[in-house]
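# below are the sequence and a predicted model for it; my questions follow.
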Amino acid sequence: MNDAAFQRLIDRHILECRWSDISARWLNYLPSITPPGSAPNEGISEYIGFTTVASAISDYDKPVRKEVPRLREYVFREAVYLLHKAFHVTGCAENQAAQGYITWSLADAYQASLFGAKAILYFCGIALAEYNNKAVLIDVFPKEEDINKRRKQKLKLPEDPTIQLIKLNMKFEHRHVWAIFQRLLAVFDMSVWDNKYIRALKKLGHKDFAKQRNELNYKNEIWIHNDLHNLTIEPTFGVLLTDIEDALVYELESDFSLHLSLAILRMGILLLESIGEPTNILNDELQIIRDRITIDRHPMYALTYP
C-alpha cells in the first residue's frame with residue numbers, strides 16, 4: 001500500500017472524537033499493573049484473543065467489527081509501557097546532550113519520540129498490531145460518525161462501540177505511525193493539550209519527524225553537529241528558550257529531535273494524568289514518572305515542565 005492509499009484509509013476510518021469521551025471510556029478497562037512499571041506479560045500481537053479474530057479476517061482494507069475480550073486492557077497496558085520507554089529514552093537523549101554528545105542525542109531523541117507517539121495513539125484507542133506478517137489497525141473505541149448530532153442534542157455517552165480491526169497488506173513502518181499521529185491531531189478534540197503543540201506538529205511533514213535520525217543513519221557523509229571528535233557542550237541545546245512552535249520547526253543543524261521528544265513525552269504524560277484523575281488505579285504508574293523528573297535524570301524536561 002502506497003502512502004497516498006494509506007492516508008485515504010486512515011482518513012476514512014479515524015474520525016472526529018473528543019478526548020473527554022475516550023478518557024471516560026478507559027475507566028472501565030484499566031488493568032492492574034503489578035508491580036508498578038512492569039512490562040506486559042505478552043503483546044497484543046501474541047494475545048490469543050486477538051490472533052483468533054485476526055486469523056478469521058480474509059479481506060484487506062475492510063473494517064471488521066468484533067468484540068475481543070480483554071483487548072482494550074491489552075492496548076492500555078502497552079500504552080503505559082510505551083510511555084515508560086519514551087520517558088527513559090528521552091532521559092538518555094537529554095543526558096547525552098548535556099554531556100556533549102549532542103549529535104547522537106538526536107538519534108535517541110527520535111526513538112523516544114516514536115515510543116511516545118505510539119503511546120499517544122494507544123491511549124487514544126488506536127493500536128498497531130501484526131498477524132502473519134501483515135499489519136492490523138485496531139480501534140478499540142471506533143468513532144461515531146454522528147458525533148456532532150450528539151453534541152448538539154447533549155446526549156449521554158453511548159455504550160462502548162464494538163472494536164474495529166482492519167487487516168492491511170503491508171507491515172507498519174515509522175512513517176505510518178506519524179501519518180496516524182497527524183491524523184489524530186487533525187480530527188481529535190484534545191482539550192488536555194496546549195493548542196501550540198497541536199499547531200506545530202500538524203505543520204510538520206510525515207518525513208520531518210525522522211529526518212535528523214535518517215540523515216545520520218543513512219548518509220555516510222553526514223554528522224550534524226561539531227562533536228564527532230570532541231565533545232561539544234551547548235548549555236542551551238534542548239532547552240526551550242522560545243515558543244514551542246518555533247522549536248518544533250525542522251532544521252537539520254538544530255536540536256529539533258530533542259524538542260520533539262520532550263513535547264511528545266509531555267503530551268503522553270498529560271493523557272495518562274487525565275485518565276487517572278478520577279481514580280487511584282494509576283497512581284503508582286504516575287508516581288514512577290513524577291519521582292524521576294529530576295535534574296540528573298531529565299535535565300531538560302525538568303527545566304521545561306517542572
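Happy to help now that I have it.
# what's the neighbour count on residue 299?
17 (other CB atoms under 10 Å). In this view, the C-beta of every residue, glycine as well, is placed from N, C-alpha and C.
# ok, it - contacts?
For residue 299, the contact set (CB atoms under 8 Å, 6 or more residues apart in numbering) comprises 94-95, 98.
# that one and residue 269, how far apart?
Applying CB to CB, to the nearest Å, the value for residue 299 to residue 269 is 17 Å.
# ok, residue 118 to residue 42 distance?
Residue 118 sits 17 Å away from residue 42, going by CB to CB.
# these two: who's more crowded?
residue 118 (25 against 12).
# doesn't residue 128 make contact with that one?
Yes - counting by CB atoms under 8 Å, residue 118 does reach residue 128; the two are 7.0 Å apart.
# where does pLDDT dip in the chain?
By pLDDT under 70, the weakly predicted segments of the chain are 144-157, 306.
# hey, where'd the helices end up in it?
Counting by DSSP state H, the chain has these helices, from start to end: 3-13, 19-26, 48-55, 71-99, 102-123, 147-153, 174-187, 195-203, 211-218, 244-247, 256-276, 283-291, 299-304.
# kindly reformat these as JSON lines containing distance to residue 162.
Converted to JSON lines, the helices of the chain look like this (distance: least, CB to CB, whole Å):
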{"stretch": "helix 3-13", "distance to residue 162": "14"}
{"stretch": "helix 19-26", "distance to residue 162": "13"}
{"stretch": "helix 48-55", "distance to residue 162": "11"}
{"stretch": "helix 71-99", "distance to residue 162": "11"}
{"stretch": "helix 102-123", "distance to residue 162": "18"}
{"stretch": "helix 147-153", "distance to residue 162": "17"}
{"stretch": "helix 174-187", "distance to residue 162": "20"}
{"stretch": "helix 195-203", "distance to residue 162": "29"}
{"stretch": "helix 211-218", "distance to residue 162": "38"}
{"stretch": "helix 244-247", "distance to residue 162": "38"}
{"stretch": "helix 256-276", "distance to residue 162": "21"}
{"stretch": "helix 283-291", "distance to residue 162": "28"}
{"stretch": "helix 299-304", "distance to residue 162": "39"}
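# of the ones you listed, which is nearest residue 135?
Set against residue 135 and scored by CB to CB, the helices of the chain come closest in helix 174-187, at 7.7 Å.
# for that closest one, packing partners?
In terms of contacts (3 or more CB pairs under 8 Å, 6 or more residues apart in numbering; DSSP states H and E), helix 174-187 is packed against helix 3-13, helix 102-123, strand 126-131, helix 195-203.
# make it 10 Å
Here helix 174-187 is seen to pack against helix 3-13, helix 102-123, strand 126-131, strand 134-139, helix 195-203 when contacts are counted using 3 or more CB pairs under 10 Å, 6 or more residues apart in numbering; DSSP states H and E.
# can you tell which of those is closest to residue 89?
Set against residue 89 and scored by CB to CB, these come closest in helix 102-123, at 3.9 Å.
# OK, contacts around the most centrally placed residue in the chain?
Centroid-nearest residue in the chain: residue 117, 1.9 Å away (criterion: CA atoms, centre = their mean). Contacts for residue 117 (CB atoms under 10 Å, 6 or more residues apart in numbering) come out as 82, 86, 174, 177-178, 180-182, 184, 201, 209, 260-261, 264, 267-268.
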